[in-house]
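**Student:** Any chance you can model this:
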Amino acid sequence: MAELTTPFDYLNILIGEEIIYRALLQQEEFARQELYGAEWTDADQIEKSAAYFKANVLRSDFAIPAELQHCVPYPPCPWDKQEHKIEVAKIKPVVTGADGTYTYGLTVYQRTDSQNSYVLGNKVIEYINNQSALDANIRGEFNYYDNRELSQYLGAAAFVIDRYHRGIKDHEFYYLFDLIK
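**Tutor:** Model (predicted):
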């Protein structure tokens, strides 16, 4: 198999910063509605703006089909825009920018909701950093995460993004959705 290089195929690889941006949009909305104990701070707003900016920069490294060129306001573009429902087939490998400071842990978990709270269950999909999948010339510019489906679970789920600052976990982002067929 040939190593991946730019432009990446947007229909088969997601931009990680778009997932972070969507998670923060949802967190902001939950905080506004006083749901799930979500809070919103100036630091979260800065993180959301940075994720949006980084995602837009990364889009130049992707081959984006014409029909998805105008969906920047609510990325990732292949995902559902309104209902927070994502087809399991659209949970794809992820690329993030490599800045030498942050790396990510990405996992999809089952989720059980109760009155204005949720509990994470078993892992459904996990991601493994696989730099060897990238062409040697671009390994310093990007991080590539292969995804592996662990179960055939469909239902309430949470995409959990752990951010690591120089190897130490410093932040966690959640995106709540329903995993559908």
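**Student:** all contacts plus neighbour counts: C-alpha atoms, from now on.
**Tutor:** OK.
**Student:** quick one: contacts for the nearest residue to I125 once chain neighbours are set aside?
**Tutor:** With sequence-adjacent residues excluded and distances taken as Cα to Cα, 6 or more residues apart in numbering, I125 is closest to E149, at 4.4 Å. Going by Cα atoms under 8 Å, 6 or more residues apart in numbering, E149 touches V124, I125, E126.
**Student:** Next one, pLDDT for the closest residue to H165 other than its chain neighbours please.
**Tutor:** Nearest non-adjacent residue to H165, counting by Cα to Cα, 6+ apart: Y102, 4.8 Å away. On pLDDT, Y102 comes in at 90.
**Student:** Which members of the contacts of E149 are classed as buried?
**Tutor:** The neighbour-count test (16 or more other Cα atoms under 10 Å) marks V124, I125, E126 as buried among these.
**Student:** just to confirm, which helix or strand has the last one in it?
**Tutor:** Read it as E126. Assigning secondary structure by DSSP states H and E places E126 in strand 117-129.
**Student:** what's the following helix or strand after that strand?
**Tutor:** Using DSSP H and E, the next helix or strand after strand 117-129 towards the C-terminus is strand 142-149.
**Student:** so how far is that following strand off the chain centroid?
**Tutor:** Relative to the centre of its chain, strand 142-149 is centred 11 Å away, using Cα atoms, centre = their mean, to the nearest Å.
**Student:** A89 - how many residues pack around it?
**Tutor:** Per other Cα atoms under 10 Å, the neighbour tally for A89 reads 11.
**Student:** tell me the contacts of it?
**Tutor:** With contact taken as Cα under 8 Å, 6+ apart, A89 is in contact with K181.
**Student:** Confirm that it sits in a helix.
**Tutor:** Yes: under DSSP: H, G, I helix; E, B strand; the rest coil, A89 sits within a helix.
**Student:** Same list, the contacts of E149, but as TSV with pLDDT and distance to R59 please.
**Tutor:** Shown next, in TSV, are these (pLDDT from 0 to 100; distance: Cα to Cα, whole Å):
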residue	pLDDT	distance to R59
V124	98	27
I125	98	24
E126	97	24
